[in-house]
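Engineer: Test case, fold it:
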Amino acid sequence: MASIGRPARSIRAGLPPFPFLIPGLLLAAGTLLPVAYLALRALGAEDLAELLLRPRTAGVLLRTLALALSVTAASACLSVPLAWLTLRTDLPGRRVWAVLGILPLVVPSYVGGFAVIAALGPRGVLQTVLQPLGVERLPEIYGFPGAFLTLTLFSYPYMLLAVRAALLGLDPSFEEAARTLGQSPWGSFRRVVLPQLKPALAAGGLLVGLYTLSDFGAVSLLQYDVFSRAIYVQYRGSLDRSLAAVLSLVLVLLTVLFLAAETRVRGRARYHRSAAGTARAADAHRLGPWRWPALAFCGAVALLGVGLPVGVTGYWLAEGLRHGESLGLVLKPLLNSVGVSVLAAGVTVAVAIPVAVMDVRFPGPVSFLTERVTYAGFALPPIATALALVFFAANYVPWLYQTLAMLVLAYVIRFAPQAVGPLRTSLLQVNPHLEEAARSLGRSPLRTAWAVTVPLVRPGMAAGAALVFLTTMKELPSTLLLSPIGFTTLATQTWSATSEAFFARAAASALLLLLFSSLSLPFVLRGEGGTGTGRFARRRARRPG
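Structural biologist: This next block holds a predicted model:
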């Protein structure tokens, strides 16, 4: 049975070993650097209390919380059914639906916002189609409705990947035992499966919430005044950036509240098997007549999350080609984007592994705070993080200024939680007694980690690397401020072309972002045929001796 609700005996509390502690502390220090910069700027503000107590500040706070909480809840409502249908049922074409469900993650929020406006806005495609039928005006898309729809469509895959990784690690024998005790399929899911998904839902929800807090592109296009937009306006429109620093620190406080909520939801329970035996793949549930509603649900999500941005950008690309627009200008940005994204994904996963291992295997104040601090970089406004690194490099390490290393450092600080979350979820499902058994046979901690732990957490590593790669491909503010001179990516080219009204060139860059990111997803999903203790045990059982 799974030892849910109590820690395993072999979990070691106290100070983690230095091979895990040093990388974790370095990552935490890098994450705290922008916070220290913001604190210094905020201390220079006059009438700090007055700035915080303004009615406008309170309004921005309420709008920001409403958007983040609603997008997180909607993402859970989309992710759990999609993960279940594509992993545990006989849904036709479920691997195709799995890829289509994750694809919206590669669409930049500003491209998604543009697509929503072009399709559903006052003069959008849908209004044009419905006008002959007597529909004079569609409901208002600007403001909260458009921001909510856009951010939900293009951020829910964060939660979907976490839930898929968790479902792959669950032992189906628990559900079968519940069914033999008279539980219905829905009852066994609600009482057995859903409680074991709590860590994944918490980790994925945290990523969605923090992404919503820090997003600038969608809320700006859709004219919804939240903290990220207000901070950007203050940074760009005022010589005194103290107010922007104050607003950024309020955003950090919101991050702390989200972290506290996530910690309370996930708890300290363990979700691995504690008995001898081999986990096996779950049998597919037959949908029967529910197959058609399930297909309609998956099709609607894919149409809005993939078809909408592809259709709009494809239209502008066709218009550009018809007028002689050249596609040769996107080759160099494409190579730059892929190269720096691969580098950022590798470095981020490498530094995230010690943080996840510390938190799961060596619980204590140091491990807990180190893991929690890493999430601050994901919630901070990207422009604040970038400006903090510019200030640090220009004053203390000028040889790092405008180098690829500084750009990768910014990506690691920003996207470390995307690797830590899936890794932590996978580690929770690995019985620590397996590692103890390897240690008792004379293997060193490093060899034990390489031979036992790494194969078991490979789905979490793949999910984390995929998240970092996809998000780096579309990152904009950090790339604009920190990239070396002449270093252009697809994201910066898309933004520049859009701001100059070259929509055909922007469409070509956006479609390449989607295409090259989507090519990596089947390789990530290919390794999901099994996970955790069961897959490791089956592989070991096939080896002689």
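
Engineer: which sections of the stretch 201-350 of the chain are below the confidence cut-off?
Structural biologist: 235-241, 266-284, 324-328 (pLDDT under 70).

Engineer: 90 - rerun?
Structural biologist: 201-207, 209-211, 213-223, 225-291, 294, 306, 309-334, 350 (pLDDT under 90).

Engineer: do the stretch 401-545 of the chain as well
Structural biologist: Using pLDDT under 90, the stretch 401-545 of the chain drops low at 401-402, 414-486, 490-545.

Engineer: Tell me which stretches of it form helices.
Structural biologist: Along the stretch 401-545 of the chain, counting by DSSP state H, counting those that start in this stretch, helices occupy 404-428, 432-440, 445-448, 454-456, 458-474, 477-482, 490-499, 503-518, 521-526, 532-541.

Engineer: What helices and strands are in contact with the second one?
Structural biologist: Right, the one you point to is helix 432-440. helix 445-448 (3 or more Cβ pairs under 8 Å, 6 or more residues apart in numbering; DSSP states H and E). In short, each C-beta sits where N, CA and C put it, glycine included.

Engineer: Residue 108 is nearest to which of the helices of the stretch 401-545 of the chain?
Structural biologist: helix 458-474 (4.1 Å; Cβ to Cβ).

Engineer: Tell me the buried residues in the closest one?
Structural biologist: 458-474 (16 or more other Cβ atoms under 10 Å).

Engineer: name the helices or strands packed onto the lengthiest helix in the chain?
Structural biologist: Longest among the helix segments of the chain by residue count, using DSSP state H, is helix 55-88. Helix 55-88 is packed against helix 94-102, helix 144-169, helix 198-214, helix 227-237, helix 242-266, helix 291-302, with contacts defined by 3+ Cβ pairs under 8 Å, 6+ apart.

Engineer: Just to be sure, residue 356 is in a helix?
Structural biologist: Yes: applying DSSP: H, G, I helix; E, B strand; the rest coil, one finds residue 356 inside a helix.

Engineer: before we move on, the earlier item: which residues in the longest helix of the chain does the neighbour count mark as buried?
Structural biologist: Neighbour-count burial for helix 55-88 flags 57, 60-61, 63-65, 67-68, 70-72, 74-76, 78-88 (criterion: 16+ other Cβ under 10 Å).

Engineer: can I get the helices and strands packed on helix 55-88 in CSV with mean neighbour count and distance to residue 329?
Structural biologist: Output for those, formatted as CSV (neighbours: other Cβ atoms under 10 Å; distance: least, Cβ to Cβ, whole Å):
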stretch, mean neighbour count, distance to residue 329
helix 94-102, 21, 29
helix 144-169, 26, 25
helix 198-214, 26, 30
helix 227-237, 20, 27
helix 242-266, 19, 34
helix 291-302, 16, 30
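
Engineer: related to what we said a few turns ago, mind putting the helices of the stretch 401-545 of the chain in CSV, distance to residue 389 included?
Structural biologist: Listed next are those as CSV, based on distance: least, Cβ to Cβ, whole Å:
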stretch, distance to residue 389
helix 404-428, 6
helix 432-440, 37
helix 445-448, 32
helix 454-456, 31
helix 458-474, 15
helix 477-482, 6
helix 490-499, 17
helix 503-518, 24
helix 521-526, 29
helix 532-541, 38
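
Engineer: quick one: what helix or strand has the residue nearest to residue 357 when sequence neighbours are not counted in it?
Structural biologist: Nearest non-adjacent residue to residue 357, counting by Cβ to Cβ, 6 or more residues apart in numbering: residue 20, 5.4 Å away. Assigned by DSSP states H and E, residue 20 belongs to helix 18-43.

Engineer: Now do that helix against helix 404-428, angle only.
Structural biologist: Using axes from the mean of the first three to the mean of the last three Cα atoms, to 10 degrees, the direction of helix 18-43 lies 120 degrees away from that of helix 404-428.

Engineer: what packs against helix 18-43?
Structural biologist: helix 242-266, helix 331-361, helix 365-373, helix 376-379, helix 382-395, helix 404-428.

Engineer: Now do the third one: everything it contacts.
Structural biologist: When you say that, I think you mean helix 365-373. Applying Cβ atoms under 8 Å, 6 or more residues apart in numbering, the external contacts of helix 365-373 come out as 15-16, 21, 24-25, 27-28, 31-32, 259, 263, 355-356, 358-359, 420, 424.

Engineer: centroid residue for this protein?
Structural biologist: In the chain, the C-alpha nearest the mean C-alpha coordinate belongs to residue 158, at 4.0 Å (Cα atoms, centre = their mean).

Engineer: quick one: contacts for the nearest residue to it once chain neighbours are set aside?
Structural biologist: In space, and not counting its chain neighbours, residue 158 is closest to residue 207: 4.1 Å by Cβ to Cβ, 6+ apart. The contact partners of residue 207, taken as Cβ under 8 Å, 6+ apart, are 158-159, 162, 378, 417-418, 421, 467.

Engineer: and if you look at residue 485?
Structural biologist: residue 402.

Engineer: Show the backbone phi and psi for it.
Structural biologist: Main-chain dihedrals, residue 485, degrees, to the nearest 10: phi -60, psi 130.

Engineer: what does the one 4 residues further on give?
Structural biologist: With angles defined as degrees, to the nearest 10, residue 489 shows backbone torsions of phi -110, psi 170.

Engineer: What count of nearby residues applies to it?
Structural biologist: 29 (other Cβ atoms under 10 Å).

Engineer: Distance check, it against residue 388.
Structural biologist: 21 Å (Cβ to Cβ, to the nearest Å).

Engineer: Also residue 419?
Structural biologist: On the measure of Cβ to Cβ, residue 419 and residue 388 end up 21 Å apart.

Engineer: cool, residue 75 as well?
Structural biologist: Residue 75 is 29 Å from residue 388, where distance means Cβ to Cβ.

Engineer: what number of residues lie near residue 432?
Structural biologist: Using other Cβ under 10 Å, residue 432 is surrounded by 20 other residues.

Engineer: Am I right that it is in contact with residue 361?
Structural biologist: Yes: Residue 432 lies in contact with residue 361 (Cβ atoms under 8 Å); the separation is 6.5 Å.

Engineer: count of neighbours near residue 487?
Structural biologist: Residue 487 is flanked by 17 other residues according to other Cβ under 10 Å.

Engineer: Which residue, neighbours along the chain excluded, lies closest to it?
Structural biologist: With Cβ to Cβ, 6+ apart, the residue lying closest to residue 487 is residue 336, at 5.9 Å.

Engineer: How about residue 110?
Structural biologist: residue 217 (3.1 Å).

Engineer: can you check residue 91 too?
Structural biologist: Excluding the flanking residues, the one nearest residue 91 by Cβ to Cβ, 6+ apart is residue 85, at 4.9 Å.

Engineer: returning to what we had before: what's the average pLDDT for the helix holding residue 20?
Structural biologist: Computed over helix 18-43, the mean pLDDT rounds to 82.

Engineer: tell me which residues in it are buried?
Structural biologist: So for helix 18-43, counting by 16+ other Cβ under 10 Å, buried means 20-21, 23-25, 27-28, 30-35, 37-38, 41-42.
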